[in-house]
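Student: Sequence plus predicted model, see below.
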Amino acid sequence: MKLYVSTGGHNLLVNASSPKEAAKLALTQWTEGGFAFGKILMVSETGFDSDNEEDLFFLTEALLEELGIEYRDFGRSMTLNSIAKEWRGYASMVFDGKQPSPVQIEEMKKAFFAGFWSLFAALEQIGEPEISEKEGEAYLEARRAECVTFKDQLLANHESPLAAKQLRYMTEPELNAHITRQIEFLKMNQTPDTIGSMLVIFQDDGITQYGATVAPDTAPAALRELADRLERRDTVTR
């Protein structure tokens, strides 16, 4: 079937049996020719300028690894995509191999669009006569540095070495940081009707660690109710 592949300002119509095969064929041609490409490839059945929910996105470096092609930075052409298309590319990368809840997807989409709107409003202000070119450049550079800092902090938290350390050997500050990171993840995914969450960690030495988003005095009653259900085998396998 004919599929439209786009990345980094380049388009290629490919005959392939699947979107992934089309992406690989296009990427092979672009790397052999030394063309610019982006971090994400979009494959569509409807056209190069498609804005269809059915369009698929693939990570360039992941495809290169499957193809056995060493990644080289050929430079990237600018691509002016809609916010919706940028969101779908971002979501396909973030949720790859995961099963996020509809609530999480919707809330992240709102935040994504809000971030674009905030930057767009700032760019409009930069274009006003009272803002000098120097001030505009300084603002954009500060925002770039802010994004880099946020990314570095995000990666540092995500790749925390504490996960590889046994609980029994953690100091109290380390244990607190380890549990807090997991509790923060639970809070991010709480539904509107959730009053709180509790994380219970069973160590192999019989010691139990826990963290909660509810007051300690409200936990015993909930845990007793849960224990009763577990003893009755009133459980659901998910």
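Tutor: Cool, got the structure.
Student: which residues of this structure fall in strands?
Tutor: Here the chain has its strands, by DSSP state E, at 2-7, 10-15, 40-44, 56-59, 198-202, 208-212.
Student: May I have the strands that pair with the last one, each with its orientation?
Tutor: Looking at strand 208-212 with DSSP bridges, its paired strands and their directions are strand 198-202 (antiparallel).
Student: Touching the partner strand from outside, list them.
Tutor: Contacts with strand 198-202, where a contact means Cβ atoms under 8 Å, 6 or more residues apart in numbering, come from 167, 179, 182-183, 186, 208-214, 219, 222-223. C-betas here are computed from N, CA, C, even on glycine.
Student: Between all of the residues you listed, which two are at the greatest distance?
Tutor: Maximum pairwise distance in the contacts of strand 198-202, criterion Cβ to Cβ, is 23.5 Å, between Leu167 and Ala222.
Student: Point out where this structure drops to low pLDDT.
Tutor: 8-9, 32-38, 49-51, 70-80, 93, 96-97, 155-165, 238 (pLDDT under 70).
Student: can you list the domains in it?
Tutor: 2-80, 95-158, 163-231 (automatic domain parsing).
Student: so which of the ones you listed comes closest to Glu86?
Tutor: Closest among those, using Cβ to Cβ: domain 95-158, at 7.7 Å.
Student: Tell me the buried residues within the contacts of strand 198-202.
Tutor: Among those, those classed as buried by neighbour count (16 or more other Cβ atoms under 10 Å) are 167, 179, 183, 186, 211-212.
Student: residues touching the residue positioned nearest the centre of the chain, list them.
Tutor: The centroid of the chain falls nearest to Val94 when counting by Cα atoms, centre = their mean (2.9 Å). Contact analysis of Val94 by Cβ under 8 Å, 6+ apart lists Met108.
Student: any idea how far it is from Ala84?
Tutor: 16 Å (Cβ to Cβ, to the nearest Å).
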